[in-house]
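Novice: Quick one: sequence and predicted model below, then my questions.
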Amino acid sequence: MSFKDLNLIEPLERAIAKQGYKTPTPIQEKSIPSLLEGRDLIGVAQTGTGKTAAFVLPILQRMPERYPRVIRTLVIAPTRELAAQIGESFAAYGAFLKFKHAVIFGGVGQGAQVNALRKGVDIVVATPGRLLDLMEQGYISLKDIEFFVLDEADRMLDMGFIHDIKKIISRLPQKRQSLFFSATMPPQVNELARQLLRDPVHVAVVAQATTVDSVKQCVFFVDPAVKDKLLLDLLRQKHLTCVLVFTRTKHRANKLVAYLSHNGVRADAIHGNKSQTNRTKALADFRSGHTKVLVATDIAARGIDIDNISHVINFELPNIPESYVHRIGRTARAGAEGTAYSFCAADERDFLRDIEKLIRQKIEVIDHQYHSEHAKNAVGSAARPAPKGRGGFRPQNRHKRHFRR
Ligand code: AMP
């Protein structure tokens, strides 16, 4: 299918061409026709599948211009980063239309956001807390909303936003088109969807499997004490051009940045303790290639949409296997190739087993000079011989050569 088959209006086709998109992604192909008919939709898809365009394009096509401007579209997202990215998508796909949007999130002063609202906007993209705050102060009214999108619903509930969301939904007009996106559908999320949507079209893209399939995955068994050295060795290879490193804690993220910087690798951290200004700058520097390495915790990284991430490195394995899938989904965006390396210490072997169970595949083990003893005694992945010459990394061989000399 091509974008032509979706019957989008010319200004949208032009914007898509400007973005360089050739064909719609599966979620776009499945959602856009029903959304253009005005149907409600429940989309089971994670970030990275092209779902933002899947909802932004039809909304931009269906929303009539209206002056003076009033808010007709409301998109709720769980994190500031995701809200900002969705805002950017409205700007990019709406480049040849006349709509205005505002992005509303907490953690920064409200002045600039209130000013933008005062000037008049058609679209608001918001995180729940600040939105309610501005509604209560009388800066935002939802009475003219025609299009409502709840994005990353599962994450939203995880983060404890359920009451805020219910409150927001209760203020929406009855007559509206509602869209609901979630990567997973646990019962509580399902129930929320049922309350929000009317006779929705169901669209699911097997994002987890697809994402996992398009990422080359390798695991390094390594003692915790030498993980930083292994990381440095890997980062010194040329083909690791744009690397997102995950740690479990903010403290570890900061320590790692200090270590890398000390060793001449440009790195920055992004996590919940950083100010919004810091986070925005870190992301911008990473996106532009100014910093080669971004060290992140799970929450901070959720929804980061940066093309060209060549490698994701799990400095520590997540204890929730789904987080692994989300993490490695930061690379191999929208069909590109990507690689994920995971460092596994002895006490993380159970996490690795859970991950392999979830993704239903064994992760390739890479031999290396810091290879830890525990690998030899391990079962599952660790028991398999380390393949040579894959994963683009052979320090073990380098090491051997070194010895022979
Ligand atoms: P999303 O899932 O909305 O976060 O989108 C993931 C990435 O895919 C973004 O960087 C988009 O710019 C990109 N993208 C969206 N639709 C397409 C498409 N049809 N072709 C190529 N890239 C796309």
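Specialist: Looks like it arrived, so ask away.
Novice: Now do stretch 338-357, average pLDDT.
Specialist: Averaged over stretch 338-357, pLDDT sits at 94.
Novice: So what's the gap between that stretch and the chain middle?
Specialist: In terms of C-alpha atoms, centre = their mean, to the nearest Å, the centre of stretch 338-357 is set 20 Å apart from its chain centre.
Novice: how far does it stretch from start to finish?
Specialist: One end of stretch 338-357 sits 21 Å from the other (C-alpha to C-alpha, to the nearest Å).
Novice: and the protein, which of its residues are near the ligand?
Specialist: Counting by C-beta under 6 Å from any ligand atom, the positions of the chain adjacent to the ligand are 21, 24-25, 28, 47-53, 305, 307, 333-334. Where C-beta positions appear, they are placed from N, C-alpha and C, glycine not excepted.
Novice: Strands of the chain, start to end?
Specialist: Secondary structure of the chain (DSSP state E): strands located at 41-44, 73-76, 101-104, 123-126, 147-150, 177-182, 201-204, 215-221, 243-246, 267-270, 293-296, 311-314, 338-344, 364-365.
Novice: could you redo those strands as CSV and give each row mean neighbour count?
Specialist: Shown next, in CSV, are those (neighbours: other C-beta atoms under 10 Å):
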stretch, mean neighbour count
strand 41-44, 24
strand 73-76, 26
strand 101-104, 24
strand 123-126, 26
strand 147-150, 24
strand 177-182, 24
strand 201-204, 16
strand 215-221, 23
strand 243-246, 26
strand 267-270, 24
strand 293-296, 26
strand 311-314, 26
strand 338-344, 25
strand 364-365, 20
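Novice: circling back: please pick the buried ones from the residues of the chain next to the ligand.
Specialist: Buried members of the residues of the chain next to the ligand, counted by 16 or more other C-beta atoms under 10 Å: 21, 24-25, 28, 47-53, 305, 333.
Novice: how long is stretch 174-186 from one end to the other?
Specialist: The straight-line separation of the ends of stretch 174-186 (C-alpha to C-alpha) is 26 Å.
Novice: Correction: the previous question concerned stretch 176-195.
Specialist: The first and final residues of stretch 176-195 sit 14 Å from each other (C-alpha to C-alpha).
Novice: Please apply the same query to stretch 151-168.
Specialist: Terminal residues of stretch 151-168 are spaced 14 Å apart (C-alpha to C-alpha).
Novice: what is the mean pLDDT for that stretch?
Specialist: 90.
Novice: That stretch: how far from the chain's middle?
Specialist: 17 Å.
Novice: for stretch 52-66, same thing?
Specialist: Stretch 52-66 has its average C-alpha position 22 Å from the chain's average C-alpha position, going by C-alpha atoms, centre = their mean.
Novice: Would you mark the buried spots in it?
Specialist: 52-63.
Novice: for stretch 89-109, same thing?
Specialist: 89-91, 93-94, 97, 99, 101-105.
Novice: Give the single residue among the residues of the chain next to the ligand positioned nearest to Arg349.
Specialist: When those are compared for distance to Arg349 (C-beta to C-beta), Gly48 wins out at 27.8 Å.
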